[in-house]
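Chemist: sequence plus predicted model, see below.
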Amino acid sequence: MTAGENPFGDLLQDYIVECLPLAEQVGDAFVELERSWQSGEPGDDLLTTVKGRLHTIKGNSAMMGIAPARDIAHALEDACGFLGRSPDACTADAAALLIAGGGLLVELVGGASPELDPASATAFVERVRAYLTAAPGAATAGSDRRQTERRGPRSDEGEAAGNTVRIDFRRLDAMLEVLGEGLIQHSSLVELYRRLLRKVGAGVELEELDQTVLSLQKTLTRLESTLMEARLLPVSTVLGRFPRLVRDVAHAEGKKVRLEVSGGETALDKAVLDRLGEPLLHLVSNAVAHGLEHPEERTRAGKPAEGHIRLRAASVSGRVIIRVSDDGRGLDEEAIRAKAESLGLDVRNVDIAQLHNLVFVSGLSTAERVTTLSGRGLGLDVAANVIHALGGTIEVESRKGQGTAFTLSLPVTLAIVRSLIVEVDRERYAVPLSHVAETVRAEPEAIRQINNQGVTQWRGDLIHVADAGAVLGTPESSRGLRPFYVVMTAGAKRRGLLVDRLIGHQDIVVKGLDPALGRPTVVSGTTILGDGRVACILDVVRILDGVAHVN
Amino acid sequence: MPESFLVIDDSKLLHQMYRLIFSQGDLAGSTVHYAANGREGYAVLAAHPELTLVLLDLNMPEMNGLEVLARRQAEHLHPHVPVALVTTEGSEEDEARGRAVGAWDYLRKPFQPSDIQALVRRARELRRSRGAA
């Protein structure tokens, strides 16, 4: 290969789409192989299938110039070849080596780029090489075969450069801030145009100005989507570490577990991904430690001794859905009920689904025993708070004896949020449009007061309507009915929020809140509007939860 | 009449790479047939005796490259069409077996566009020398 760029560099995304599922299957197969060996089965079929996939990954990685992925695939292929010929070598150590390599392969393929550190595979390749020379039976079984050491010096290792540059993520954030300023200036231009139109009336120049402002908007939108794409990473960068985690937790807990991971190629903003690891880790280790029963208990219940955990990611209409499900014992409804009552909650009239979702309430984690792994870090309430802070939702479904599933819905990005700008007591607020179902003019006769709460008919249902001033705790919230309400939704929950004015839609660049200020319950961040004013972004999920708690 | 080629490979990524290569230089404008496995590829080969060159991947589910070659040899299907077996490092033994069942040449991954161009040039020479004979 010539030095310089790879002729197929533009196909990087296609490479990931094709090879990441293969790498994930390889990783899963290694975990399965370990279980086969433990139960005394050779797992030859598995080895053959895995070797085929590794061979494909090796070839495709070589074509793309992704040397570390090629080297890991090659080393694993050699190791599988050797293990297929040497049943005596199929030990727990060998399985651990394969599983470690499988995890690494998923990470390298999922995070593939031409400038991946060429040395990121070296340590593992060395480990395999050392293993193959020292393993039981290696001297005889290995001597007549090509092994890893036959590979000569590499000439193509230095060709990484290509069309891609490595960039500090903070610089992408800085670019985004600049874009945010551009968006603000665009809004100012639009306002100025409107004022001019009112003052001097229509004219050719104003029409041209209108066109220019319009094309500026299109340019900014294109810039925005390009910048957003640059921030996206495949979910596998987080999911890749779970096969090993599950194996370790299962081992510590004396459980038998099969983990199935899919959808690793789903793309998410790095800022979302970075904060998703902890809550997901908690959900998955929780599923192993508390969701699944011990093998004997499962057998008694007529289930396979081995528990099954699924981790699935998918893009659904602009959001990323991640589902963690197990086929374990299901949530303990009586324990939740008892715990909720002990916390003073009235749970007499809640339905099963509402009862299950109480596990996210602080202090309501039902696991009686604190285990080393799932007891570490955060509880379900904290996990849910992280998801909410990301603008996401988390819900749980459970069936006694059949299992539990947590469904997370996340925004693809946190950086720019299309929002409805409203005015309440002369202050402006942004409501993320993903949570806005409709804006409605509030007719006094259509809103009734029941138990001190406004209630109205909306699309055939009765929904609560709350005064924004009361929700936000603004000082002058004692006036009468405000003229509009915004129907906000999150999951199955929805409420109306009465506001003074609807200002319009706008893309806002989200600035986080200073953590030192503590976390106000109804605001998730701030932004700067077109006229330079600072506006708070409403935390719809929390407002809906908060109103629900009043019930 | 434009030249035509056949690519038999189960990888969509490889199809796209070939698409890129066959859209450049003097290969632009040629007809390229794509098959996703050996079985499908064999059927396309049977229908197109005019092919200049077949690029056949070794590792495929559902009839691999060696099986395609073996069947072609047994059935004497268009023996004048040169078939290059596409292999990856570690397939040396299979390459030897490929030669035995009539592989005309090998293309080793990773390959460059220029490797395909060179292969096509040699296939054209082969065709010309046969036409002259």
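Modeler: Perfect, I can see it now. Numbers count the residues shown, from 1 in each chain, chains lettered A, B, ... in the order given.
Chemist: what does the pLDDT read for residue 70?
Modeler: Here I'm looking at chain A. Looking at residue A:70, its pLDDT stands at 93.
Chemist: the intended chain is chain B.
Modeler: Predicted confidence (pLDDT) for residue B:70: 92.
Chemist: tally of neighbours for the residue lying closest to it once chain neighbours are set aside?
Modeler: Distance criterion Cβ to Cβ, 6 or more residues apart in numbering or on different chains; nearest residue to residue B:70, sequence neighbours excluded, is residue B:101 at 4.6 Å. For glycine as for every other residue, the C-beta is placed from the backbone atoms N, C-alpha and C. Using other Cβ atoms under 10 Å in any protein chain shown, the number of residues around residue B:101 comes to 18.
Chemist: what's near enough to touch residue A:269?
Modeler: By Cβ atoms under 8 Å, 6 or more residues apart in numbering or on different chains, the contact set of residue A:269 is A:228, A:231-233, A:411-415.
Chemist: quick check: bridge partners of it?
Modeler: With DSSP bridges as the criterion, residue A:269 is bridged to residue A:232.
Chemist: next up, phi/psi of the residue nearest to residue B:70, please.
Modeler: With angles defined as degrees, to the nearest 10, residue B:101 sits at phi -100, psi 20.
Chemist: verify the stated contact: it with residue B:75.
Modeler: No: the pair residue B:101 / residue B:75 is not scored as a contact, 12.0 Å apart, by Cβ atoms under 8 Å.
Chemist: quick one: name whatever helix or strand follows the lowest-mean-pLDDT helix or strand in chain B.
Modeler: One helix or strand of chain B scores below all others by mean pLDDT, DSSP states H and E: helix B:92-100, with a mean of 85. The C-terminal neighbour of helix B:92-100 among helices and strands, as given by DSSP states H and E, is strand B:105-109.
Chemist: and the next helix or strand after that following strand, how far out from the chain middle?
Modeler: Where DSSP H and E defines the elements, the next helix or strand beyond strand B:105-109 is helix B:113-132. Helix B:113-132 sits 12 Å away from the centroid of its parent chain (Cα atoms, centre = their mean, to the nearest Å).
Chemist: secondary structure class for the closest residue to chain B within the stretch 451-551 of chain A?
Modeler: Nearest to chain B in the stretch 451-551 of chain A, going by Cβ to the nearest Cβ, is residue A:507, at a distance of 34.0 Å. Recorded secondary structure, residue A:507: strand (DSSP: H, G, I helix; E, B strand; the rest coil).
Chemist: residues contacting it?
Modeler: A:183, A:224, A:416-419.
Chemist: buried only: go through these for me.
Modeler: Using 16 or more other Cβ atoms under 10 Å in any protein chain shown as the burial test, the contacts of residue A:507 include A:183, A:224, A:416-417, A:419 as buried.
Chemist: who does the least confident helix or strand of chain B touch, helix- and strand-wise?
Modeler: The contact analysis (3 or more Cβ pairs under 8 Å, 6 or more residues apart in numbering or on different chains; DSSP states H and E) places helix B:92-100 against helix B:65-75, strand B:83-88.
Chemist: any idea of the angle that helix forms with strand B:83-88?
Modeler: If you take axes from the mean of the first three to the mean of the last three Cα atoms, to 10 degrees, helix B:92-100 sits at 180 degrees to strand B:83-88.
Chemist: contact partners of helix B:92-100?
Modeler: Applying Cβ under 8 Å, 6+ apart, the contact partners of helix B:92-100 are A:146, B:58, B:65-66, B:69, B:85, B:87, B:103, B:106.
Chemist: buried residues in it?
Modeler: So, applying 16+ other Cβ under 10 Å, buried residues of helix B:92-100: B:94, B:97-98.
Chemist: what sits against residue B:32?
Modeler: Contact partners of residue B:32, counting by Cβ under 8 Å, 6+ apart, are B:4-7, B:18-19, B:22.
Chemist: one more pass at 7 Å, please.
Modeler: For residue B:32, the contact set (Cβ atoms under 7 Å, 6 or more residues apart in numbering or on different chains) comprises B:5, B:7, B:18, B:22.
Chemist: give the burial count for the third one, as a bare number.
Modeler: When you say that, I think you mean residue B:18. Around residue B:18 there are 20 residues (other Cβ under 10 Å).
Chemist: so it touches residue B:6, yeah?
Modeler: No: Residue B:18 is beyond contact range of residue B:6, at 10.2 Å (criterion: Cβ atoms under 7 Å).
Chemist: what residues are up against the residue nearest to residue B:70?
Modeler: Contacts for residue B:101 (Cβ under 7 Å, 6+ apart) come out as B:66, B:69-70, B:73.
Chemist: where does chain B come near chain A, residue by residue?
Modeler: Counting by Cβ under 7 Å from any Cβ of the partner chain, chain B comes close to chain A at B:11-13, B:16-17, B:20, B:59, B:88, B:90, B:109-110, B:112-113.
Chemist: filter the residues you listed down to the buried ones and hand me the ChimeraX line.
Modeler: Burial among the residues of chain B next to chain A is assessed by 16+ other Cβ under 10 Å; the matching ChimeraX selection reads:
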select /B:11,13,16,17,59,88,90,109,110,113
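Chemist: of the residues of chain B next to chain A, the lowest pLDDT goes to which?
Modeler: pLDDT across those is at its lowest for residue B:90, which sits at 75.
Chemist: please settle this for me: is that residue part of a helix?
Modeler: No: counting by three-state DSSP, residue B:90 is not found in a helix; it is coil.
Chemist: so what's it up against?
Modeler: With contacts defined as Cβ under 7 Å, 6+ apart, the neighbours of residue B:90 are residue A:77.
Chemist: so where's chain A uncertain?
Modeler: Residues of chain A meeting the criterion pLDDT under 70: A:1-4, A:135-165, A:362-378, A:476-479, A:491-492, A:512-521, A:530, A:546-551.
Chemist: cool, and chain B?
Modeler: Applying pLDDT under 70 to chain B flags the ranges B:1, B:132-133.
Chemist: the residue of the stretch 451-551 of chain A closest to chain B bridge partners, please.
Modeler: Beta-bridge partners, per DSSP bridges, of residue A:507: residue A:418.
Chemist: who in the stretch 1-150 of chain A is up against chain B?
Modeler: Residues of the stretch 1-150 of chain A lying close to chain B by Cβ under 7 Å from any Cβ are A:1, A:7-8, A:11, A:14-15, A:18, A:52, A:55-56, A:58-60, A:62-63, A:77.
Chemist: one more: chain A?
Modeler: Contact residues (Cβ under 7 Å from any Cβ) of chain A with chain B: A:1, A:7-8, A:11, A:14-15, A:18, A:52, A:55-56, A:58-60, A:62-63, A:77.
Chemist: what is the most widely separated pair among the residues you listed?
Modeler: Across the residues of chain A next to chain B, the longest distance by Cβ to Cβ is 26.1 Å; it joins A:7 and A:52.
Chemist: okay, the angle between the helix or strand containing residue A:49 and strand B:83-88?
Modeler: According to DSSP H and E, residue A:49 maps onto helix A:44-64. Counting by the same axes, to 10 degrees, helix A:44-64 points 100 degrees away from the direction of strand B:83-88.
Chemist: who does helix A:44-64 touch, helix- and strand-wise?
Modeler: With contacts taken as 3 or more Cβ pairs under 7 Å, 6 or more residues apart in numbering or on different chains; DSSP states H and E, helix A:44-64 sits against helix A:12-38, helix A:67-85, strand B:83-88, strand B:105-109.
Chemist: measure how far the longest helix seen in chain A is from the centre of its chain, please.
Modeler: Determined from DSSP state H, the single longest helix within chain A is helix A:169-200. Its chain's average C-alpha position is 30 Å from that of helix A:169-200, according to Cα atoms, centre = their mean.
Chemist: check which helices and strands it sits against.
Modeler: Applying 3+ Cβ pairs under 7 Å, 6+ apart, we find helix A:169-200 packed against helix A:204-230, strand A:501-509.
Chemist: tell me the most buried of these?
Modeler: Across these, averaging neighbours per residue (mean count of other Cβ atoms under 10 Å in any protein chain shown) puts strand A:501-509 on top, at a mean of 18.
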